[in-house]
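Peer 1: Pasted the sequence and its predicted model underneath.
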Amino acid sequence: MDITVIELLVPAAPSTAAQTALLVLRLFMGVCFIRHGWPKLRNLSTWAQALKTPKWLCFLSAASMFGGGIALLPGLLTPLAALAILVSMGYAMVLEIRLGFPFIAPDPYQIPEGDYAGPMGVGDPPSWEKAAMYVVMCLVLIGCGGGLFSLDNLLIADLLRVAESDLG
């Protein structure tokens, strides 16, 4: 099973509904990761201290979130943008698992009064569920690409086909 560069970066999706779903997923993730990455870039030292992680590594993570989010909005190099975010979210999962957080925390209404207060007061207990969901979403975008309604499809697919025909 040979996969070309074109098929890797701009895979075909089966239907208009699937293409629309990829658009919605891309836009949702793009907005989320711009919103996750920008405050971390602006407060890099504080974030690095809170995570007890080197500042350069936090910068790479925040930049991958912010830059990946920007690239996902128009669907530009979607699999690569999703891979950058996946690495960051994979690292978040590792940190949360190492801290002993459960995969899915109990719902706050099931926790007895006064048993949980987080750093910002009473709220949802920590878990690595959200990071895992983002990893799965990234895997979908890596495997399916940006879809029909993306710059990948509109611009890059044609450029790759021309380059491939010139080499072949």
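Peer 2: Sure thing, it's come through. Numbering: from 1, shown residues only.
Peer 1: In the longest helix along the chain, which residues are buried?
Peer 2: Of all segments of type helix in the chain, defined using DSSP state H, the longest is helix 16-42. The neighbour-count check on helix 16-42 (16 or more other CB atoms under 10 Å) flags 19, 22-23, 25-26, 29-30, 32-34, 36-37, 40-41 as buried. Using the backbone N, CA and C atoms, a C-beta is placed for each residue, glycine as well.
Peer 1: from those, which has minimum pLDDT?
Peer 2: For the buried residues of helix 16-42, the least confident position by pLDDT is residue 19, scoring 87.
Peer 1: so what's that one closest to, chain neighbours aside?
Peer 2: Using CB to CB, 6 or more residues apart in numbering and skipping the chain neighbours, the partner closest in space to residue 19 is residue 148 (3.9 Å).
Peer 1: The one you found and residue 21 touch, don't they?
Peer 2: No - contact criterion CB atoms under 8 Å: residue 148 and residue 21 do not qualify, at 10.9 Å.
Peer 1: picking that back up, who are the packing partners of the longest helix of the chain?
Peer 2: Applying 3 or more CB pairs under 8 Å, 6 or more residues apart in numbering; DSSP states H and E, one finds that helix 16-42 contacts helix 55-72, helix 78-98, helix 129-144.
Peer 1: That helix versus helix 129-144: what angle between them?
Peer 2: 130 degrees (axes from the mean of the first three to the mean of the last three CA atoms, to 10 degrees).
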